[in-house]
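> Have a look at this fold, sequence not included:
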């Protein structure tokens, strides 16, 4: 599917908005909007060969090799979302978190079912098995209790490589994995206090993890595309356990502001949630869910028309 510059930019905005919400992955949006394979290929192109071209002064060739226009437009969209939507999403998370999660649930469920419907007829037993494994892994991650990794240089580097790798996987959030590793707050504190050594180690881990993991994914998409996509669709569907609006906190930590931050939650019914915590906002959540489903259907309709054109 050939995309216009505006189309790529708008997808970047959607990815950036998703990354602002804890538990939601920009990789999810990339998969939903049909640019996942291109994104992985572009990131995987960043490496020694590109660096060699740059050092020889062949800047334009290096830029083309990494699909520079695509990455630049995507980055611009992500930056726009972070600058323009951060306050709005933060307000929604503070005042209407349940309808917001319900909207994302509608987006993800409609997308996962549509993607599976388009592909399942050609799946083998192995593909179905990997799809089920993908669902199980995402559900397990969502229900896992946090651990506390040591705040050592190696631990910070490792956390960066794991978090950034998760961010390009649909259904798994890098910030959520940092919470599970017990390093979310230390990294946020390092950003606020400009702890340059910690940030440099984390950034180095992100860079190494992104390059190596994207190359692995690219290779898997080449040699076993159906099996890899089936696994990714499983991750996407399994992430609903994280996005389910009605959750009760099982364990939590105190953040730098003295507020409690949940690190393990369990999905419950709207009725049980209302009994334990108050208003379940059921009608608003149903409305948000419908908005998410309709948005996906509209997006797929526009994509089909673009391909037909």
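Yes, it's here. Note that the structure is predicted; figures quoted are calculated from it, not measured.
> what stretches of the chain score poorly on pLDDT?
1-2, 21-24, 145-148, 171-173, 175-176, 179-180, 185, 251-263, 302-309 (pLDDT under 70).
> Relative to residue 62, how far out is the residue of it most remote from its centre?
Largest separation from the mean C-alpha position in the chain: residue 56, at 35.6 Å (Cα atoms, centre = their mean). Using Cβ to Cβ, to the nearest Å, we find residue 56 at a distance of 9 Å from residue 62. No exception for glycine: its C-beta is placed from N, CA and C like everyone else's.
> Spatially central, which residue of this protein would that be?
Closest-to-mean residue, the chain, Cα atoms, centre = their mean: residue 25 / 1.2 Å.
> For the residue farthest from the centre of the chain, grab phi and psi.
phi -90, psi 10 (degrees, to the nearest 10).
> Tell me who's in contact with the closest residue to residue 273 other than its chain neighbours.
Spatial nearest neighbour of residue 273, excluding adjacent residues (Cβ to Cβ, 6 or more residues apart in numbering): residue 246 at 3.9 Å. Shown in contact with residue 246 (Cβ atoms under 8 Å, 6 or more residues apart in numbering): 98, 267, 268, 269, 270, 272, 273, 280.
> With residue 250 as the reference, measure out to residue 121.
From residue 121 to residue 250 the distance is 40 Å (Cβ to Cβ).
> between the two, who's got more neighbours?
residue 250 (12 against 6; other Cβ atoms under 10 Å).
> what secondary structure does residue 264 sit in?
Assigned with DSSP: H, G, I helix; E, B strand; the rest coil, residue 264 falls in the strand class.
> So what pairs up with it in the strands?
residue 251 (DSSP bridges).
> Verify the contact between it and residue 242 for me.
No: taking contacts as Cβ atoms under 8 Å, residue 264 lies outside contact range of residue 242: 11.2 Å.
> The two: which has the busier surroundings?
Legend: neighbour count by other Cβ under 10 Å for residue 264 and residue 242, higher for residue 242 (26 against 16).
> nearest residue to the more buried one other than its sequence neighbours?
residue 142 (4.1 Å).
> Please report how far that neighbour lies from residue 160.
22 Å.
> what do you get for residue 58?
Distance from residue 58 to residue 160, by Cβ to Cβ: 30 Å.
> These two: which is more packed in?
residue 160 (26 against 14).
> so where does that one fall, helix or strand?
Assessed by DSSP states H and E, residue 160 sits inside helix 153-167.
> could you pull out the helices for the stretch 51-200 of the chain?
59-65, 68-95, 97-119, 125-143, 153-167, 174-181, 184-192, 196-223 (DSSP state H, counting those that start in this stretch).
> Out of those, which gets nearest to residue 296?
helix 97-119 (3.9 Å; Cβ to Cβ).
> just the angle between that closest one and helix 68-95, please?
Calculated by axes from the mean of the first three to the mean of the last three Cα atoms, to 10 degrees, helix 97-119 forms an angle of 140 degrees with helix 68-95.
> What is helix 97-119 packed up against?
Helix 97-119 sits against helix 26-32, helix 68-95, helix 225-238, helix 240-243, helix 282-308, with contacts defined as 3 or more Cβ pairs under 8 Å, 6 or more residues apart in numbering; DSSP states H and E.
> quick one, it and helix 225-238 angle?
160 degrees.
> what comes into contact with helix 97-119?
Residues contacting helix 97-119 (Cβ under 8 Å, 6+ apart): 18, 21, 24, 28, 31-32, 89, 92-93, 131, 171, 226, 229-230, 233, 236-237, 239-240, 243-246, 280-281, 284-293, 295-297, 300.
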